[in-house]
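Undergrad: Have a look at this fold, sequence not included:
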């Protein structure tokens, strides 16, 4: 088991804050026992990063699980996000305070604008900048932002986003966005890295057989080797442990390139250029 590797493998964001390269996502994890158990399993397995959101309706459970974990607060990295209906300057400040109380934390490690709501996300981000400058957030960023959104955001912001969390997997590699974020020093983070379980891809099956790993582990390893932070979601103890067991093998450059070649621009989630929620 690679518990030590999970907890020590970090990347440094452009403001100097260290963020774990692998975390647990809790989207669709039910509030109460389900999410609390998932977070507990993850922390026991060595995970130190938990990714939630106001819209997931499970921040209270996440907060309870981390409070009961016995792990020092400074060793954990907690991400949450402001939801669409709360966007705007004052409403974002209020939404942040509500999230902070539900999580039971004085400081949030990373706070993200969940979706680029037209006409609102620049004011929303301005609220994040204030919270960051006031010391309530260690790092700020965005989620589901594509190049046109950055064209609108960056000219007016004081503090460049540290993270952009987007749908990213072998069938949706978004190479232009990857290059842009790398050039700007914005850390790319993958949600839905395992394609909602649609892993019956011959190349992934072949590589899994070669390395004695699962296709999911191959994809997570690919993410890490591409410098993309990844937050696979599961509520099953054995799967959470398995997803973290990816630090004892390495794909070749040719294999990474072959997985890159699977890209077909396929989304399993909403398109940030055309979403309605």
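TA: Now that the structure is in, tell me what you want to look at. None of these values were measured; they are calculated from a predicted model. Numbering: from 1, shown residues only.
Undergrad: Sticking with the residue of the chain positioned farthest from its centre, tell me its helix or strand.
TA: Within the chain, the residue lying farthest from the chain centre (Cα atoms, centre = their mean) is residue 210, at 28.2 Å. In the assignment (DSSP states H and E), residue 210 maps to helix 202-211.
Undergrad: Distance from the chain centre to that helix, please.
TA: Centroid displacement of helix 202-211 relative to its chain, using Cα atoms, centre = their mean, to the nearest Å, is 25 Å.
Undergrad: Flag the shaky bits of the stretch 151-277 of the chain, pLDDT-wise.
TA: Within the stretch 151-277 of the chain, no stretch has pLDDT under 70.
Undergrad: what's the helix holding residue 210 in contact with?
TA: The contact list for helix 202-211, computed with Cβ atoms under 8 Å, 6 or more residues apart in numbering, reads 170, 213-215, 217-219, 249, 251, 255, 258-259, 262. In short, each C-beta sits where N, CA and C put it, glycine included.
Undergrad: Looking at those, spot the one nearest residue 99.
TA: residue 219 (29.6 Å; Cβ to Cβ).
Undergrad: For residue 261, see how far away the closest one is.
TA: Separation of residue 219 from residue 261 (Cβ to Cβ, to the nearest Å): 14 Å.
Undergrad: swap in residue 103?
TA: Taken as Cβ to Cβ, the span from residue 103 to residue 261 is 40 Å.
Undergrad: again, but for residue 72
TA: Taken as Cβ to Cβ, the span from residue 72 to residue 261 is 43 Å.
Undergrad: Which one's more surrounded, the two?
TA: The residue with more neighbours, out of residue 72 and residue 261, is residue 261; 11 against 7, by other Cβ atoms under 10 Å.
Undergrad: on that earlier part again, any chance of a markdown table for the contacts of helix 202-211, columns distance to residue 25 and neighbour count?
TA: Converted to a markdown table, the contacts of helix 202-211 look like this (distance: Cβ to Cβ, whole Å; neighbours: other Cβ atoms under 10 Å):
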| residue | distance to residue 25 | neighbour count |
| --- | --- | --- |
| 170 | 17 | 26 |
| 213 | 20 | 20 |
| 214 | 17 | 19 |
| 215 | 18 | 22 |
| 217 | 16 | 23 |
| 218 | 18 | 27 |
| 219 | 14 | 27 |
| 249 | 22 | 14 |
| 251 | 22 | 19 |
| 255 | 25 | 19 |
| 258 | 26 | 17 |
| 259 | 20 | 25 |
| 262 | 22 | 17 |
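Undergrad: In three-state terms, label residue 142 for me.
TA: In three-state terms, and counting by DSSP: H, G, I helix; E, B strand; the rest coil, residue 142 is strand.
Undergrad: what about the strands in the stretch 1-150 of the chain?
TA: Assigned strands in the stretch 1-150 of the chain, in chain order: 10-12, 18-20, 24-25, 49-51, 77-82, 108-113, 137-143 (criterion: DSSP state E, counting those that start in this stretch).
Undergrad: Let me know which of the ones you listed is tucked in deepest.
TA: Of all the strands of the stretch 1-150 of the chain, strand 24-25 has the most neighbours on average by mean count of other Cβ atoms under 10 Å, namely a mean of 28.
Undergrad: Let me know the average pLDDT across that strand.
TA: Taken as a whole, strand 24-25 has a mean pLDDT of 97.
Undergrad: quick one: the helices in this structure?
TA: For the chain, helices defined by DSSP state H occupy the ranges 3-8, 33-44, 59-67, 89-103, 121-133, 147-153, 175-184, 202-211, 215-225, 237-244, 253-260.
Undergrad: Many thanks, we can stop here.
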